[in-house]
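> Here is a sequence together with a model predicted from it:
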Amino acid sequence: MAKIFCIANQKGGVGKTTTTVNLAAGLAKLGQRVLMIDLDPQGNATMGSGVDKRSLQLSVYDVLLESASVAEARVRSDKLVAAGCSYDILGANRELAGAEVEMVELERRERRLKTALAEVDKDYDFVLIDCPPSLSMLTLNGLCCADGVVVPMQCEYFALEGLTDLVNTIKQVKANLNDDLRIIGLLRVMFDPRITLQQQVSEQLTAHFGDKVFDTIIPRNVRLAEAPSYGLPGVAFDPASKGAQAFVAFAAEMLRRLPTAR
Ligand code: ADP
Ligand code: MG
(Lines give C-alpha, C1' and ligand atoms only; values in the text may rest on other atoms or scores of the structure.)
(Ligands and ions follow the chains in the order given, each with its own letter.)
Protein backbone atom coordinates (compact mmCIF):
# COMPACT_ATOMS: atom_id res chain seq x y z
CA MET A 1 0.00 0.00 0.00
CA ALA A 2 1.29 3.44 -0.87
CA LYS A 3 1.95 5.79 2.03
CA ILE A 4 0.21 9.07 1.34
CA PHE A 5 1.53 12.29 2.83
CA CYS A 6 0.38 15.88 2.57
CA ILE A 7 3.00 18.59 2.75
CA ALA A 8 0.97 21.31 4.42
CA ASN A 9 1.17 24.59 6.28
CA GLN A 10 -1.45 27.29 5.91
CA LYS A 11 1.28 29.91 5.55
CA GLY A 12 2.59 30.73 2.09
CA GLY A 13 6.27 30.79 1.21
CA VAL A 14 7.36 28.48 4.03
CA GLY A 15 8.89 25.82 1.78
CA LYS A 16 6.00 23.40 1.09
CA THR A 17 6.66 23.08 -2.62
CA THR A 18 10.43 22.90 -2.20
CA THR A 19 9.95 20.15 0.37
CA THR A 20 7.49 18.21 -1.80
CA VAL A 21 9.58 18.08 -4.97
CA ASN A 22 12.87 17.47 -3.18
CA LEU A 23 11.45 14.76 -0.94
CA ALA A 24 9.93 13.14 -4.04
CA ALA A 25 13.30 13.27 -5.83
CA GLY A 26 15.15 12.08 -2.71
CA LEU A 27 12.83 9.10 -2.23
CA ALA A 28 13.11 8.28 -5.95
CA LYS A 29 16.87 8.38 -5.64
CA LEU A 30 16.61 5.85 -2.81
CA GLY A 31 14.68 3.50 -5.09
CA GLN A 32 11.12 4.35 -4.04
CA ARG A 33 8.22 4.60 -6.50
CA VAL A 34 6.72 8.05 -6.00
CA LEU A 35 3.70 9.98 -7.27
CA MET A 36 3.80 13.75 -6.66
CA ILE A 37 0.43 15.51 -6.72
CA ASP A 38 0.29 19.27 -7.17
CA LEU A 39 -2.84 20.54 -5.39
CA ASP A 40 -1.94 24.22 -5.72
CA PRO A 41 -3.42 26.16 -8.69
CA GLN A 42 -0.12 28.07 -8.85
CA GLY A 43 1.41 24.89 -10.31
CA ASN A 44 4.85 25.53 -8.81
CA ALA A 45 5.47 21.87 -7.99
CA THR A 46 4.52 20.97 -11.56
CA MET A 47 6.92 23.49 -13.10
CA GLY A 48 9.57 22.63 -10.51
CA SER A 49 9.41 19.02 -11.67
CA GLY A 50 10.08 19.96 -15.29
CA VAL A 51 6.50 19.83 -16.58
CA ASP A 52 5.08 22.91 -18.29
CA LYS A 53 1.77 23.61 -16.52
CA ARG A 54 0.46 25.50 -19.57
CA SER A 55 0.76 22.47 -21.81
CA LEU A 56 -0.84 19.90 -19.50
CA GLN A 57 -3.41 17.82 -21.40
CA LEU A 58 -4.96 16.52 -18.20
CA SER A 59 -4.37 17.57 -14.62
CA VAL A 60 -5.47 16.96 -11.06
CA TYR A 61 -8.46 19.19 -11.92
CA ASP A 62 -9.78 16.54 -14.32
CA VAL A 63 -9.23 13.87 -11.68
CA LEU A 64 -11.17 15.82 -9.03
CA LEU A 65 -14.06 16.37 -11.44
CA GLU A 66 -13.91 12.70 -12.50
CA SER A 67 -13.32 13.41 -16.17
CA ALA A 68 -10.00 11.53 -16.05
CA SER A 69 -8.35 8.84 -13.93
CA VAL A 70 -4.99 9.29 -12.21
CA ALA A 71 -3.52 6.74 -14.64
CA GLU A 72 -4.67 8.90 -17.57
CA ALA A 73 -3.58 12.24 -16.12
CA ARG A 74 -0.19 11.44 -14.59
CA VAL A 75 2.93 12.37 -16.55
CA ARG A 76 6.67 11.85 -16.36
CA SER A 77 9.32 14.50 -16.78
CA ASP A 78 12.19 13.88 -19.22
CA LYS A 79 14.42 16.11 -17.12
CA LEU A 80 13.86 14.02 -14.00
CA VAL A 81 14.41 10.79 -15.91
CA ALA A 82 17.69 12.19 -17.25
CA ALA A 83 18.73 13.22 -13.72
CA GLY A 84 18.12 9.69 -12.39
CA CYS A 85 15.51 10.59 -9.80
CA SER A 86 12.23 10.28 -11.61
CA TYR A 87 8.76 10.32 -10.09
CA ASP A 88 5.29 10.52 -11.60
CA ILE A 89 3.53 13.87 -11.61
CA LEU A 90 -0.15 14.68 -11.35
CA GLY A 91 0.12 18.31 -12.35
CA ALA A 92 -1.90 21.45 -11.72
CA ASN A 93 -2.46 24.84 -13.32
CA ARG A 94 -4.81 27.78 -12.93
CA GLU A 95 -7.76 25.68 -14.02
CA LEU A 96 -7.61 24.05 -10.58
CA ALA A 97 -8.73 27.29 -8.93
CA GLY A 98 -12.16 26.72 -10.48
CA ALA A 99 -12.48 23.21 -9.07
CA GLU A 100 -13.41 24.53 -5.66
CA VAL A 101 -16.56 26.19 -6.99
CA GLU A 102 -17.42 23.42 -9.42
CA MET A 103 -17.20 20.81 -6.67
CA VAL A 104 -19.68 22.57 -4.38
CA GLU A 105 -22.61 20.71 -5.92
CA LEU A 106 -20.96 17.31 -5.92
CA GLU A 107 -21.51 14.54 -3.45
CA ARG A 108 -18.64 13.36 -1.25
CA ARG A 109 -16.66 16.24 -2.64
CA GLU A 110 -13.91 16.07 -0.03
CA ARG A 111 -13.21 12.43 -0.93
CA ARG A 112 -12.71 12.79 -4.67
CA LEU A 113 -8.94 12.45 -4.57
CA LYS A 114 -9.07 9.52 -2.15
CA THR A 115 -11.38 7.59 -4.46
CA ALA A 116 -9.22 8.33 -7.49
CA LEU A 117 -5.98 7.34 -5.73
CA ALA A 118 -7.31 3.93 -4.69
CA GLU A 119 -6.93 2.80 -8.31
CA VAL A 120 -3.18 3.46 -8.49
CA ASP A 121 -2.32 2.48 -4.93
CA LYS A 122 -0.31 -0.54 -6.05
CA ASP A 123 1.87 1.50 -8.41
CA TYR A 124 3.59 3.49 -5.66
CA ASP A 125 5.46 3.33 -2.38
CA PHE A 126 4.78 7.02 -1.69
CA VAL A 127 2.27 9.63 -2.77
CA LEU A 128 3.29 13.19 -1.84
CA ILE A 129 0.73 15.98 -2.06
CA ASP A 130 1.79 19.62 -2.30
CA CYS A 131 -1.02 21.60 -0.63
CA PRO A 132 -2.03 25.22 -1.26
CA PRO A 133 -1.55 27.73 1.58
CA SER A 134 -5.14 27.63 2.83
CA LEU A 135 -7.66 25.26 4.28
CA SER A 136 -9.72 24.96 1.11
CA MET A 137 -11.67 22.11 -0.40
CA LEU A 138 -8.46 21.25 -2.23
CA THR A 139 -6.45 20.90 0.97
CA LEU A 140 -9.33 18.97 2.50
CA ASN A 141 -9.17 16.50 -0.39
CA GLY A 142 -5.50 16.02 0.37
CA LEU A 143 -6.03 15.60 4.12
CA CYS A 144 -8.88 13.14 3.55
CA CYS A 145 -6.71 10.66 1.69
CA ALA A 146 -3.48 11.12 3.65
CA ASP A 147 -1.92 8.87 6.28
CA GLY A 148 -0.15 11.87 7.66
CA VAL A 149 1.06 15.42 7.31
CA VAL A 150 4.61 16.70 6.96
CA VAL A 151 4.83 20.32 8.11
CA PRO A 152 7.71 22.40 6.79
CA MET A 153 8.38 25.46 8.91
CA GLN A 154 10.81 28.29 9.29
CA CYS A 155 12.11 28.85 12.79
CA GLU A 156 10.65 32.31 13.20
CA TYR A 157 8.82 34.10 15.95
CA PHE A 158 5.27 33.52 14.69
CA ALA A 159 5.89 29.96 13.53
CA LEU A 160 4.64 28.38 16.75
CA GLU A 161 1.43 30.39 16.69
CA GLY A 162 0.60 29.23 13.16
CA LEU A 163 1.34 25.70 14.21
CA THR A 164 -1.46 25.71 16.78
CA ASP A 165 -4.00 26.49 14.04
CA LEU A 166 -2.68 23.71 11.86
CA VAL A 167 -2.71 21.18 14.69
CA ASN A 168 -6.35 22.08 15.45
CA THR A 169 -7.32 21.73 11.79
CA ILE A 170 -5.71 18.31 11.62
CA LYS A 171 -7.52 17.26 14.80
CA GLN A 172 -10.85 18.30 13.28
CA VAL A 173 -10.23 16.48 10.02
CA LYS A 174 -9.17 13.42 12.00
CA ALA A 175 -12.33 13.52 14.11
CA ASN A 176 -14.72 14.07 11.22
CA LEU A 177 -13.27 12.76 8.00
CA ASN A 178 -10.11 10.68 8.33
CA ASP A 179 -9.29 8.82 11.51
CA ASP A 180 -5.87 7.76 10.17
CA LEU A 181 -4.62 11.33 9.89
CA ARG A 182 -1.74 12.45 12.09
CA ILE A 183 1.25 14.73 12.01
CA ILE A 184 4.25 12.73 10.81
CA GLY A 185 6.63 15.46 11.75
CA LEU A 186 7.78 19.05 11.67
CA LEU A 187 10.60 19.83 9.26
CA ARG A 188 12.81 22.81 9.98
CA VAL A 189 13.57 24.49 6.65
CA MET A 190 15.53 27.52 5.38
CA PHE A 191 17.51 27.22 8.58
CA ASP A 192 20.39 29.59 9.26
CA PRO A 193 22.32 28.54 12.39
CA ARG A 194 23.99 31.96 12.61
CA ILE A 195 20.67 33.54 13.55
CA THR A 196 20.20 33.25 17.30
CA LEU A 197 16.41 33.55 17.10
CA GLN A 198 16.23 30.58 14.73
CA GLN A 199 18.23 28.48 17.15
CA GLN A 200 15.97 29.51 20.00
CA VAL A 201 12.77 28.70 18.11
CA SER A 202 14.30 25.41 17.00
CA GLU A 203 14.99 24.53 20.65
CA GLN A 204 11.43 25.51 21.64
CA LEU A 205 10.10 23.27 18.89
CA THR A 206 11.98 20.22 20.09
CA ALA A 207 11.04 21.00 23.70
CA HIS A 208 7.31 21.17 22.81
CA PHE A 209 7.02 18.53 20.12
CA GLY A 210 9.82 16.09 20.99
CA ASP A 211 10.30 13.36 18.42
CA LYS A 212 7.64 14.91 16.18
CA VAL A 213 10.46 17.18 15.03
CA PHE A 214 12.53 15.55 12.30
CA ASP A 215 16.25 15.19 13.08
CA THR A 216 17.17 16.44 9.62
CA ILE A 217 17.36 20.22 9.24
CA ILE A 218 17.15 21.80 5.77
CA PRO A 219 19.58 24.75 5.57
CA ARG A 220 18.95 27.94 3.68
CA ASN A 221 20.72 27.16 0.42
CA VAL A 222 20.68 29.21 -2.75
CA ARG A 223 20.88 26.15 -5.02
CA LEU A 224 17.47 25.02 -3.75
CA ALA A 225 16.04 28.41 -4.70
CA GLU A 226 17.70 28.40 -8.13
CA ALA A 227 16.64 24.89 -9.10
CA PRO A 228 12.96 25.64 -9.98
CA SER A 229 13.98 28.01 -12.77
CA TYR A 230 15.70 25.01 -14.39
CA GLY A 231 12.59 22.87 -13.94
CA LEU A 232 14.28 20.59 -11.45
CA PRO A 233 14.23 19.90 -7.71
CA GLY A 234 17.52 20.87 -6.04
CA VAL A 235 18.24 17.18 -5.43
CA ALA A 236 18.43 16.71 -9.21
CA PHE A 237 19.81 20.12 -10.16
CA ASP A 238 22.88 20.12 -7.91
CA PRO A 239 23.16 16.85 -5.98
CA ALA A 240 26.39 17.97 -4.28
CA SER A 241 24.85 21.11 -2.76
CA LYS A 242 24.19 21.28 0.99
CA GLY A 243 20.45 21.69 0.37
CA ALA A 244 20.23 18.64 -1.91
CA GLN A 245 22.20 16.51 0.54
CA ALA A 246 19.92 17.57 3.38
CA PHE A 247 16.81 16.54 1.41
CA VAL A 248 18.28 13.12 0.55
CA ALA A 249 19.08 12.71 4.25
CA PHE A 250 15.48 13.70 5.02
CA ALA A 251 14.16 11.09 2.57
CA ALA A 252 16.30 8.48 4.32
CA GLU A 253 14.97 9.64 7.71
CA MET A 254 11.39 9.23 6.45
CA LEU A 255 12.16 5.66 5.38
CA ARG A 256 13.77 4.93 8.75
CA ARG A 257 10.88 6.34 10.74
CA LEU A 258 8.00 4.77 8.90
CA PRO A 259 7.98 1.10 9.82
CA THR A 260 7.55 1.91 13.50
CA ALA A 261 5.45 5.03 12.92
CA ARG A 262 2.63 3.27 11.12
P1 ADP B 1 5.52 27.41 -0.37
O2 ADP B 1 5.26 26.27 -1.30
O3 ADP B 1 5.26 27.07 1.06
O4 ADP B 1 4.83 28.66 -0.78
P5 ADP B 1 8.19 27.44 -1.53
O6 ADP B 1 8.70 26.04 -1.43
O7 ADP B 1 7.69 27.87 -2.85
O8 ADP B 1 7.11 27.71 -0.40
O9 ADP B 1 9.39 28.38 -1.02
C10 ADP B 1 9.27 29.79 -1.00
C11 ADP B 1 10.53 30.41 -1.57
O12 ADP B 1 11.66 30.09 -0.76
C13 ADP B 1 10.88 29.91 -2.97
O14 ADP B 1 11.39 30.97 -3.71
C15 ADP B 1 11.92 28.85 -2.72
O16 ADP B 1 12.80 28.68 -3.83
C17 ADP B 1 12.65 29.40 -1.52
N18 ADP B 1 13.22 28.34 -0.67
C19 ADP B 1 12.56 27.29 -0.14
N20 ADP B 1 13.36 26.53 0.64
C21 ADP B 1 14.59 27.13 0.60
C22 ADP B 1 15.88 26.84 1.19
N23 ADP B 1 16.04 25.78 2.00
N24 ADP B 1 16.89 27.68 0.93
C25 ADP B 1 16.73 28.76 0.13
N26 ADP B 1 15.57 29.09 -0.46
C27 ADP B 1 14.50 28.29 -0.24
MG1 MG C 1 3.88 26.16 -2.90
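Structure received. Residues are numbered from 1 along each chain as shown. Ligands and ions are numbered 1, 2, ... in the order given.

> For residue 4, which three-state class applies?
Using DSSP: H, G, I helix; E, B strand; the rest coil, the structure places residue 4 in strand.

> That one: what's it in contact with?
By CB atoms under 8 Å, 6 or more residues apart in numbering, the contact set of residue 4 is 117, 126-127, 129, 145-147. Glycine gets a C-beta too; all of them are placed from N, C-alpha and C.

> do the same with residue 118
Residue 118 neighbours (CB under 8 Å, 6+ apart): none.

> Let me see the backbone angles for it.
phi -60, psi -30 (degrees, to the nearest 10).

> Could you tell me how far it is located from ligand 2?
Counting by CB to the ion, to the nearest Å, the gap from residue 118 to ligand 2 is 26 Å.

> what is the rounded mean pLDDT of the longest helix anywhere in the chain?
Looking across the chain with DSSP state H, the single longest helix is helix 242-261. For helix 242-261, mean pLDDT is 90.

> before we move on, what about stretch 129-141?
93.

> quick check, it touching ligand 2?
No - shown here: stretch 129-141 not in contact with ligand 2 (CB under 5 Å from the ion), separated by at least 6.1 Å.

> Now that stretch: buried residues?
Under the neighbour-count criterion of 16 or more other CB atoms under 10 Å, stretch 129-141 has 129-133, 135-141 buried.

> Which members of those additionally contact ligand 1?
Filtering those for proximity to ligand 1 by CB under 6 Å from any ligand atom leaves residue 133.

> Let me have the buried residues of stretch 129-141 in TSV, extended by secondary structure.
Below are the buried residues of stretch 129-141 laid out as TSV (three-state DSSP):
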residue	secondary structure
129	strand
130	strand
131	coil
132	coil
133	coil
135	coil
136	coil
137	helix
138	helix
139	helix
140	helix
141	helix
